[in-house]
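# Generate a structure from the sequence data that follows.
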Amino acid sequence: MTQRRRINPYNAMVHDRALRRRAEGLPSDGRGTLPQLAREVAAERWEDLPEEEKQRLLNQLRESQENNRAVKKVPMKSAAVDVGRVGAQVNPELDAVHNRTGAEYILLILRGNAMDNWQTQVYTSPRAVDACTQVFKATPGEIAARVEGYIIAGIEGKCVRRELGGKKFNLLKAEIRSTVYERFRDICIRKGFSRDRLPKEMQWAGYNDLVATYGVKLVGWTEPGGVRNPGELKGGCAPLQRLLDALKEPEPSLHWEELSEKEWEACKEEWRASGGKRKGRVTRPSEGTRSAEVMEDEDDSHTVSQSVMLPTPQMTGTEATSTEAMDVPDASHEPTPGLMASTTPSLLSLPTTSPATPCPLFEPEASSLTQPWDYHSASDNGDITQPLSLPSVPFHTGDYNASLPPPAAPQPSLSAAFSGTPALFYPGASLLASLYSPLPDDGSWYSTPGMDLETLNAIAEGSEVHE
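Below you'll find the predicted structure:
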């Protein structure tokens with residue numbers, strides 16, 4: 001920082017000589033200029049100057065110091081923080097003035113040097129933004145960029161207008177899209193649609209679907225060819241600017257309008273006649289890509305497409321899954337050749353599937369489950385191992401009839417006989433257990449020849465029997 005010189009007649013005389021030297025256009029000697037002037041003044045009799053001249057020189061030095069007061073420089077690393085703080089403090093004040101008085105404002109904080117490390121800041125009121133768009137055909141941000149370019153680069157800063165061409169195109173598209181969607185959302189909410197039922201963004205390709213679904217249409221489109229995505233318009237920024245001007249008018253000529261009931265119904269009929277909203281194409285592993293017509297036909301049918309486990313006769317403990325869709329018939333109709341199954345009499349082997357006979361769905365009647373077991377037919381030596389004759393009962397899985405082989409005839413054990421619980425569970429087993437108890441309830445089995453009570457208890461508890 002430059003040292004401030006004391007205000008006295010001597011320093012006032014040196015300052016006056018420096019001003020004369022500059023006024024005469026004499027070249028400076030750099031650091032040697034000030035010592036040279038001081039020697040010249042010291043060689044003269046400056047003490048003999050009249051008081052009026054001394055006072056003039058003192059006032060001249062004092063005024064120069066006031067006008068050129070040293071300003072404390074802010075380090076570059078703190079410049080961005082300082083600029084941001086000032087903007088944050090000024091913006092609320094400007095908003096308050098705007099709300100109190102209705103005053104409009106534009107505040108631009110620009111860089112003065114290419115090395116400045118802060119960003120351009122723009123603060124504007126709403127109507128000031130509209131004024132810039134209509135009068136200058138540019139947003140306040142674009143104006144700030146042009147002015148800043150001129151400040152930094154001088155006359156060469158005009159070239160920034162070329163660079164802003166592409167940015168302006170994108171800005172216009174974005175503003176049109178956002179404005180159209182916001183007004184579409186507002187009119188649909190006024191009609192009673194909830195936000196959850198509205199699309200998240202404007203669907204330009206599905207505009208006709210929006211009209212038929214929500215009963216609103218976009219009126220006043222300025223460009224030929226009907227409503228479409230602003231990005232598809234040809235001719236640069238001119239058509240986009242016309243659309244934006246139509247949207248930003250005090251009474252916008254481009255606006256959303258509700259359809260009357262008759263217009264809405266006619267639009268719906270036309271929409272249905274054209275096939276409605278096209279469904280997306282569905283890709284499945286085995287069928288590839290299918291059209292929307294196939295999907296709609298399937299919605300009207302009573303068949304279900306699903307993967308079904310189809311074991312083959314060659315399988316020996318492994319599973320194979322067929323991904324081919326099958327048409328499963330309804331149980332009320334006559335079964336068609338679909339899932340063909342044949343069974344083996346062993347529970348341990350897998351069921352095999354072959355094109356033999358179809359497996360219809362049916363429920364066995366209770367009378368066909370078995371015949372009553374005659375426990376009186378047991379021999380006198382306590383033989384209670386009479387086998388039960390059980391029917392073949394299919395195993396049901398949802399709407400499919402993937403039949404299992406008939407369960408093997410169970411061999412009731414003593415523990416099962418004592419508890420009255422059948423040894424094998426199958427459809428109808430609970431009914432069989434309730435109707436046909438293998439042992440009488442009168443306690444006559446205690447008198448079974450060859451078995452005393454201790455032996456029977458030992459068998460029931462699983463302990464060894466000592467003869």
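
# Show me the shaky parts of the stretch 101-250 of the chain.
The model of the stretch 101-250 of the chain has pLDDT under 70 over residues 155-167.

# ok, which stretches of it are strands?
In the stretch 101-250 of the chain, strands defined by DSSP state E, counting those that start in this stretch lie at 106-109, 121-124, 216-219, listed in chain order.

# May I see these organised as JSON lines, with mean neighbour count and distance to residue 142 added?
In short, each C-beta sits where N, CA and C put it, glycine included. Output for these, formatted as JSON lines (neighbours: other C-beta atoms under 10 Å; distance: least, C-beta to C-beta, whole Å):
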{"stretch": "strand 106-109", "mean neighbour count": "16", "distance to residue 142": "11"}
{"stretch": "strand 121-124", "mean neighbour count": "18", "distance to residue 142": "10"}
{"stretch": "strand 216-219", "mean neighbour count": "17", "distance to residue 142": "27"}
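
# I'd like these written out as CSV, with distance to residue 61 added.
Listed next are the strands of the stretch 101-250 of the chain as CSV, based on distance: least, C-beta to C-beta, whole Å:
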stretch, distance to residue 61
strand 106-109, 36
strand 121-124, 40
strand 216-219, 74
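
# got the end-to-end distance for stretch 252-271?
28 Å (C-alpha to C-alpha, to the nearest Å).

# Contacts made by that stretch with the rest, please.
Around stretch 252-271, the neighbours that count as contacts under C-beta atoms under 8 Å, 6 or more residues apart in numbering are 183-184, 187, 191, 208-209, 211-212, 215-222, 243, 246-247, 277.

# and what of stretch 210-222?
Contacts to stretch 210-222, defined as C-beta under 8 Å, 6+ apart, come from residues 180, 184, 187-188, 191, 193, 198-199, 203, 207, 227, 239, 242-243, 246, 252-259, 264, 267-268, 270-271.

# Let's see that with 7 Å instead.
Residues from elsewhere that reach stretch 210-222 (C-beta atoms under 7 Å, 6 or more residues apart in numbering): 184, 187-188, 191, 193, 203, 227, 242-243, 246, 253-259, 264, 267-268, 271.

# ditto for stretch 99-114
So stretch 99-114 is contacted by 83, 87, 90, 94, 97-98, 118, 120-125, 127-128, 140, 144, 147-148, 151-152 (C-beta under 7 Å, 6+ apart).

# average pLDDT for the strand or helix carrying residue 33?
Element membership for residue 33, per DSSP states H and E: helix 33-43. The average pLDDT within helix 33-43 is 80.

# Follow the chain on from that helix and name the next helix or strand.
Later in the chain than helix 33-43, the nearest helix or strand by DSSP H and E is helix 51-67.

# Name the residues of that next one that are buried.
Residues 54, 57, 58, 61 are the ones in helix 51-67 that count as buried (16 or more other C-beta atoms under 10 Å).

# can you put these in TSV and add distance to residue 21 and pLDDT?
TSV is the format used below for those (distance: C-beta to C-beta, whole Å; pLDDT from 0 to 100):
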residue	distance to residue 21	pLDDT
54	20	83
57	15	84
58	20	85
61	15	83
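
# Tell me if I am right that residue 257 is in a helix.
No. If the criterion is DSSP: H, G, I helix; E, B strand; the rest coil, then residue 257 is strand and not within a helix.

# which stretch among the strands of the stretch 101-250 of the chain comes nearest residue 30?
strand 106-109 (37.1 Å; C-beta to C-beta).

# Next, give phi and psi for residue 236.
Main-chain torsions, residue 236, degrees, to the nearest 10: phi 80, psi -140.

# now do residue 139
Backbone torsions of residue 139, given as degrees, to the nearest 10, read phi -80, psi 160.

# In this structure it contacts residue 174, no?
No. Between residue 139 and residue 174 there is no contact, the gap being 11.0 Å when judged by C-beta atoms under 7 Å.

# Compare those two (neighbour count), which wins?
Neighbour totals were compared for residue 139 and residue 174, and residue 139 leads with 20 against 11 (other C-beta atoms under 10 Å).

# which residues does the more buried one contact?
Taking C-beta under 7 Å, 6+ apart, we find residue 139 in contact with 129, 132, 133, 171.

# go again using 10 Å as the cut-off
Counting by C-beta atoms under 10 Å, 6 or more residues apart in numbering, residue 139 makes contact with 122, 124, 129, 132, 133, 145, 164, 167, 168, 171, 172, 175.

# buried sites along the top helix by length along the chain?
If you go by DSSP state H, the chain has its longest helix at helix 160-191. Judged by neighbour count using 16+ other C-beta under 10 Å, the buried positions of helix 160-191 are 160, 164, 168-169, 171-173, 175-177, 179-181, 183-185, 187-188.

# Over to stretch 249-259?
So, applying 16+ other C-beta under 10 Å, buried residues of stretch 249-259: 254, 256, 259.

# can you put the residues you listed in TSV and add distance to residue 34 and pLDDT?
Formatted as TSV, the buried residues of stretch 249-259 follow (distance: C-beta to C-beta, whole Å; pLDDT from 0 to 100):
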residue	distance to residue 34	pLDDT
254	71	91
256	75	93
259	86	89
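
# What is the nearest of these to residue 65?
Using C-beta to C-beta, these come closest to residue 65 at residue 254, 62.9 Å.

# what separates that closest one from residue 223, distance-wise?
10 Å (C-beta to C-beta, to the nearest Å).
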